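*Asks:* Got a sequence here, can you model it:
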Amino acid sequence: MSSDYKDNRTRKNSQLSSFRLAVIGIFTAVKQERNMRIHVIFSILVLLFAFYFSLSKIEWICILFSIGMVISMELLNTAIERVVDLTTSEFHPLAKEAKDIAAGAVFVSAIVSVVVGCIILVPKLVEALYIWI
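*Replies:* Here you go, the predicted structure:
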């Protein structure tokens, strides 16, 4: 076997391992973080509405980007909280600020996501309800 073949195989295994570990990290957050589970549940509900209403491509892009943004922010928030907890067990104002700021990032992304969802889905819901009445 040539060394190039080994290097390529090792690199591919390393990349697969990285993907596997990333997925494990996502599942760990979903399993251990209540807020992550809430975000996932609402994401699934929004996706179900999106399928039902046959959104346009641009609407899908906006919805998927919003969901991805919130989930990513929640993952980063969880990571920051874990690192802060790992570095100190005592109260420290900077540790509190780091956690609060990370939570703020999740909050901002969630608010933007709700606004995007409302802009896209509320008119479709109203139209659907109007047809039923």
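
*Asks:* hey, where'd the helices end up in the protein?
*Replies:* 3-32, 34-52, 57-87, 93-132 (DSSP state H).

*Asks:* any chance of those in JSON lines, with mean pLDDT and mean neighbour count too?
*Replies:* C-beta coordinates here come from the backbone N, C-alpha and C atoms, glycine included. Formatted as JSON lines, these follow (pLDDT from 0 to 100; neighbours: other C-beta atoms under 10 Å):
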{"stretch": "helix 3-32", "mean pLDDT": "79", "mean neighbour count": "11"}
{"stretch": "helix 34-52", "mean pLDDT": "97", "mean neighbour count": "15"}
{"stretch": "helix 57-87", "mean pLDDT": "97", "mean neighbour count": "16"}
{"stretch": "helix 93-132", "mean pLDDT": "95", "mean neighbour count": "14"}
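
*Asks:* so how far is M36 from S18?
*Replies:* Remark: distance between S18 and M36 (C-beta to C-beta, to the nearest Å) = 21 Å.

*Asks:* swap in A128?
*Replies:* Distance check for A128 against M36: by C-beta to C-beta, it reads 30 Å.

*Asks:* Then M73?
*Replies:* When distance is defined by C-beta to C-beta, M73 is 10 Å away from M36.

*Asks:* okay, which residue is most central for this protein?
*Replies:* The residue lying closest to the centre of the chain (C-alpha atoms, centre = their mean) is I71, at 1.0 Å.

*Asks:* so that one sits right up against H39, yeah?
*Replies:* Yes. Assessed by C-beta atoms under 8 Å, I71 is found in contact with H39 at 6.0 Å.

*Asks:* could you measure L75 against L47, distance?
*Replies:* Taking C-beta to C-beta, one finds L75 at 18 Å from L47.
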